[in-house]
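Colleague: Quick one, structure for this:
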Amino acid sequence: MRSMTQLFLIRHGEACILKDGIVNDYGLTELGVAQARKLRDRLVSSGEIQADVWISSSYLRAKQTAEIIAEGLKVSIILDDDFQEMRPGQALGMNKESLDELLALHNPRRNPFSSIAPEAENWPQFVLRVGTALERIFHQYEGKTVAIVCHGGVIDCSFQFFFGLNAFEMPKVGFHTEHTSITHWSKEEDETWSLIKYNDARHLEGSAVFY
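Modeller: Numbering: from 1, shown residues only. Okay, the predicted model is just below:
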(Lines give C-alpha, C1' and ligand atoms only; values in the text may rest on other atoms or scores of the structure.)
Protein backbone atom coordinates (compact mmCIF):
# COMPACT_ATOMS: atom_id res chain seq x y z
CA MET A 1 0.00 0.00 0.00
CA ARG A 2 1.34 3.40 -0.96
CA SER A 3 2.28 5.56 2.03
CA MET A 4 0.23 8.69 2.49
CA THR A 5 1.54 12.22 2.92
CA GLN A 6 1.39 13.57 6.48
CA LEU A 7 1.61 17.28 7.31
CA PHE A 8 2.28 18.68 10.78
CA LEU A 9 2.00 22.46 11.23
CA ILE A 10 3.51 23.87 14.43
CA ARG A 11 3.00 27.44 15.53
CA HIS A 12 6.03 29.25 16.98
CA GLY A 13 6.32 30.14 20.67
CA GLU A 14 5.23 33.47 22.10
CA ALA A 15 7.04 36.28 20.29
CA CYS A 16 8.39 39.67 21.24
CA ILE A 17 7.11 42.21 18.71
CA LEU A 18 7.63 45.47 20.61
CA LYS A 19 10.86 46.95 21.97
CA ASP A 20 11.38 50.58 22.96
CA GLY A 21 8.06 51.42 21.30
CA ILE A 22 9.11 49.96 17.92
CA VAL A 23 7.26 47.06 16.27
CA ASN A 24 9.43 44.34 14.71
CA ASP A 25 10.25 40.61 14.81
CA TYR A 26 12.49 40.35 17.87
CA GLY A 27 12.22 36.59 18.25
CA LEU A 28 10.87 34.62 21.17
CA THR A 29 10.10 35.94 24.63
CA GLU A 30 11.34 34.01 27.67
CA LEU A 31 7.91 32.37 27.82
CA GLY A 32 8.15 31.55 24.11
CA VAL A 33 11.48 29.80 24.67
CA ALA A 34 9.95 27.83 27.56
CA GLN A 35 6.99 26.85 25.38
CA ALA A 36 9.29 25.63 22.61
CA ARG A 37 11.31 23.60 25.11
CA LYS A 38 8.16 21.96 26.45
CA LEU A 39 7.17 21.01 22.91
CA ARG A 40 10.68 19.71 22.24
CA ASP A 41 10.55 17.55 25.38
CA ARG A 42 7.12 16.25 24.39
CA LEU A 43 8.27 15.28 20.91
CA VAL A 44 11.44 13.63 22.21
CA SER A 45 9.44 11.65 24.78
CA SER A 46 6.48 10.67 22.61
CA GLY A 47 8.13 10.23 19.21
CA GLU A 48 4.78 11.24 17.72
CA ILE A 49 6.24 13.18 14.80
CA GLN A 50 8.62 11.07 12.74
CA ALA A 51 9.12 13.61 9.99
CA ASP A 52 11.15 12.95 6.88
CA VAL A 53 11.72 16.68 6.53
CA TRP A 54 11.55 19.64 8.91
CA ILE A 55 10.84 23.06 7.44
CA SER A 56 10.64 26.44 9.15
CA SER A 57 9.52 29.90 8.25
CA SER A 58 12.56 32.16 8.05
CA TYR A 59 11.04 34.71 10.45
CA LEU A 60 13.09 34.81 13.64
CA ARG A 61 10.34 33.67 16.02
CA ALA A 62 9.67 30.55 13.96
CA LYS A 63 13.35 29.88 13.27
CA GLN A 64 14.20 30.02 16.98
CA THR A 65 11.33 27.65 17.80
CA ALA A 66 12.49 25.23 15.11
CA GLU A 67 16.07 25.35 16.36
CA ILE A 68 14.97 24.40 19.88
CA ILE A 69 12.98 21.45 18.52
CA ALA A 70 15.83 20.40 16.25
CA GLU A 71 18.25 20.40 19.15
CA GLY A 72 16.22 17.71 20.90
CA LEU A 73 15.27 15.63 17.88
CA LYS A 74 18.71 15.88 16.23
CA VAL A 75 17.22 16.93 12.89
CA SER A 76 18.12 19.51 10.27
CA ILE A 77 15.86 22.45 9.46
CA ILE A 78 15.17 23.84 5.99
CA LEU A 79 14.27 27.55 6.03
CA ASP A 80 11.50 28.51 3.61
CA ASP A 81 10.44 32.14 3.08
CA ASP A 82 7.07 31.06 1.65
CA PHE A 83 5.88 29.95 5.11
CA GLN A 84 6.36 33.37 6.67
CA GLU A 85 3.41 35.08 8.35
CA MET A 86 1.50 37.67 6.32
CA ARG A 87 4.17 40.17 5.30
CA PRO A 88 3.64 43.54 6.99
CA GLY A 89 5.79 45.60 4.63
CA GLN A 90 6.63 49.03 5.99
CA ALA A 91 4.63 48.38 9.17
CA LEU A 92 7.79 46.73 10.51
CA GLY A 93 9.93 49.32 12.21
CA MET A 94 7.02 51.67 12.92
CA ASN A 95 6.34 52.96 16.38
CA LYS A 96 3.33 51.43 18.09
CA GLU A 97 1.24 54.60 17.97
CA SER A 98 1.58 54.89 14.18
CA LEU A 99 0.76 51.23 13.69
CA ASP A 100 -2.30 51.48 15.94
CA GLU A 101 -3.57 54.31 13.73
CA LEU A 102 -3.20 52.11 10.64
CA LEU A 103 -4.91 49.18 12.37
CA ALA A 104 -7.88 51.36 13.28
CA LEU A 105 -8.42 52.07 9.56
CA HIS A 106 -7.67 48.52 8.34
CA ASN A 107 -10.68 46.22 7.87
CA PRO A 108 -9.70 43.18 5.78
CA ARG A 109 -13.04 41.44 6.39
CA ARG A 110 -14.82 44.28 4.62
CA ASN A 111 -12.09 44.74 1.99
CA PRO A 112 -9.71 41.75 1.78
CA PHE A 113 -7.64 43.51 -0.90
CA SER A 114 -6.55 46.24 1.48
CA SER A 115 -3.13 46.04 3.14
CA ILE A 116 -1.96 47.38 6.46
CA ALA A 117 0.94 49.42 5.05
CA PRO A 118 2.90 50.03 1.85
CA GLU A 119 4.58 46.86 0.52
CA ALA A 120 2.46 44.71 2.85
CA GLU A 121 0.51 41.70 1.59
CA ASN A 122 -3.25 41.67 1.48
CA TRP A 123 -5.28 38.60 2.40
CA PRO A 124 -5.66 37.05 -1.10
CA GLN A 125 -1.92 37.46 -1.74
CA PHE A 126 -1.16 35.74 1.55
CA VAL A 127 -3.53 32.83 0.87
CA LEU A 128 -2.11 32.42 -2.65
CA ARG A 129 1.47 32.35 -1.36
CA VAL A 130 0.79 29.79 1.37
CA GLY A 131 -1.42 27.62 -0.85
CA THR A 132 1.20 27.60 -3.60
CA ALA A 133 3.90 26.69 -1.08
CA LEU A 134 1.81 23.81 0.30
CA GLU A 135 1.17 22.49 -3.20
CA ARG A 136 4.91 22.65 -3.92
CA ILE A 137 5.76 20.78 -0.73
CA PHE A 138 3.21 18.05 -1.43
CA HIS A 139 4.65 17.42 -4.88
CA GLN A 140 8.21 17.50 -3.63
CA TYR A 141 7.58 15.20 -0.66
CA GLU A 142 4.76 12.98 -1.91
CA GLY A 143 4.22 10.07 0.49
CA LYS A 144 6.47 11.63 3.15
CA THR A 145 5.86 13.12 6.57
CA VAL A 146 6.53 16.87 6.64
CA ALA A 147 6.67 19.10 9.72
CA ILE A 148 6.57 22.89 9.27
CA VAL A 149 7.23 25.40 12.05
CA CYS A 150 5.24 28.44 11.03
CA HIS A 151 2.65 30.99 12.14
CA GLY A 152 -0.98 31.23 13.15
CA GLY A 153 -1.87 32.88 9.85
CA VAL A 154 -0.24 30.09 7.86
CA ILE A 155 -2.30 27.55 9.79
CA ASP A 156 -5.42 29.62 9.07
CA CYS A 157 -4.53 29.47 5.37
CA SER A 158 -4.19 25.69 5.54
CA PHE A 159 -7.93 25.49 6.31
CA GLN A 160 -8.70 27.65 3.27
CA PHE A 161 -6.44 25.43 1.17
CA PHE A 162 -7.77 22.03 2.26
CA PHE A 163 -11.44 23.02 2.53
CA GLY A 164 -11.37 24.84 -0.81
CA LEU A 165 -12.63 28.11 0.67
CA ASN A 166 -12.78 31.33 -1.32
CA ALA A 167 -9.30 32.84 -1.25
CA PHE A 168 -10.73 36.30 -1.88
CA GLU A 169 -12.55 36.38 1.45
CA MET A 170 -11.36 35.98 5.00
CA PRO A 171 -12.89 32.95 6.79
CA LYS A 172 -16.29 33.48 8.39
CA VAL A 173 -15.02 31.79 11.54
CA GLY A 174 -12.14 32.87 13.76
CA PHE A 175 -9.16 30.77 14.80
CA HIS A 176 -7.23 30.93 18.03
CA THR A 177 -4.16 28.83 17.40
CA GLU A 178 -2.10 28.37 20.56
CA HIS A 179 1.65 28.96 20.62
CA THR A 180 3.63 25.76 19.87
CA SER A 181 0.41 23.88 19.13
CA ILE A 182 0.31 21.05 16.60
CA THR A 183 -2.10 20.80 13.66
CA HIS A 184 -2.05 17.51 11.73
CA TRP A 185 -3.37 16.90 8.21
CA SER A 186 -3.28 13.47 6.55
CA LYS A 187 -3.77 12.47 2.94
CA GLU A 188 -6.09 9.46 2.70
CA GLU A 189 -6.08 6.56 0.24
CA ASP A 190 -8.78 8.24 -1.86
CA GLU A 191 -6.46 11.27 -2.27
CA THR A 192 -8.58 13.49 -0.01
CA TRP A 193 -7.13 15.25 3.02
CA SER A 194 -8.38 14.81 6.58
CA LEU A 195 -7.84 17.01 9.61
CA ILE A 196 -6.51 14.68 12.32
CA LYS A 197 -6.14 17.33 15.02
CA TYR A 198 -5.96 21.07 15.49
CA ASN A 199 -4.48 23.23 18.27
CA ASP A 200 -2.92 20.39 20.28
CA ALA A 201 -0.87 22.21 22.95
CA ARG A 202 -1.28 19.78 25.83
CA HIS A 203 2.45 20.01 26.60
CA LEU A 204 1.69 23.47 28.02
CA GLU A 205 -0.81 22.09 30.53
CA GLY A 206 0.87 21.75 33.93
CA SER A 207 3.16 18.75 34.29
CA ALA A 208 1.87 16.71 31.37
CA VAL A 209 3.47 13.29 30.80
CA PHE A 210 3.80 11.81 27.31
CA TYR A 211 4.31 8.19 26.41
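Colleague: What confidence value was assigned to residue 3?
Modeller: As predicted, residue 3 sits at a pLDDT of 66.
Colleague: Kindly report the same for residue 191.
Modeller: 88.
Colleague: now for the worst-scoring helix or strand of the chain on mean pLDDT, which elements pack on it?
Modeller: Across the helices and strands of the chain, mean pLDDT, DSSP states H and E gives its lowest value to helix 96-105, namely a mean of 91. The helices and strands touching helix 96-105, judged by 3 or more CB pairs under 8 Å, 6 or more residues apart in numbering; DSSP states H and E, are strand 22-23. Bear in mind the C-beta positions are built from the backbone N, C-alpha and C, glycine included.
Colleague: so after the strand it packs on, what's the next helix or strand?
Modeller: Later in the chain than strand 22-23, the nearest helix or strand by DSSP states H and E is helix 30-46.
Colleague: which secondary structure elements does that following helix contact?
Modeller: By 3+ CB pairs under 8 Å, 6+ apart, helix 30-46 packs against helix 60-73.
Colleague: tell me the phi and psi of residue 6?
Modeller: phi -120, psi 140 (degrees, to the nearest 10).
Colleague: Hmm, residue 186 and it touching each other?
Modeller: Yes: Residue 6 is within contact range of residue 186, at 5.4 Å (criterion: CB atoms under 8 Å).
Colleague: More neighbours: which of these two?
Modeller: residue 6 (20 against 16; other CB atoms under 10 Å).
Colleague: What sits closest to that one if chain neighbours are left out?
Modeller: residue 145 (4.1 Å; CB to CB, 6 or more residues apart in numbering).
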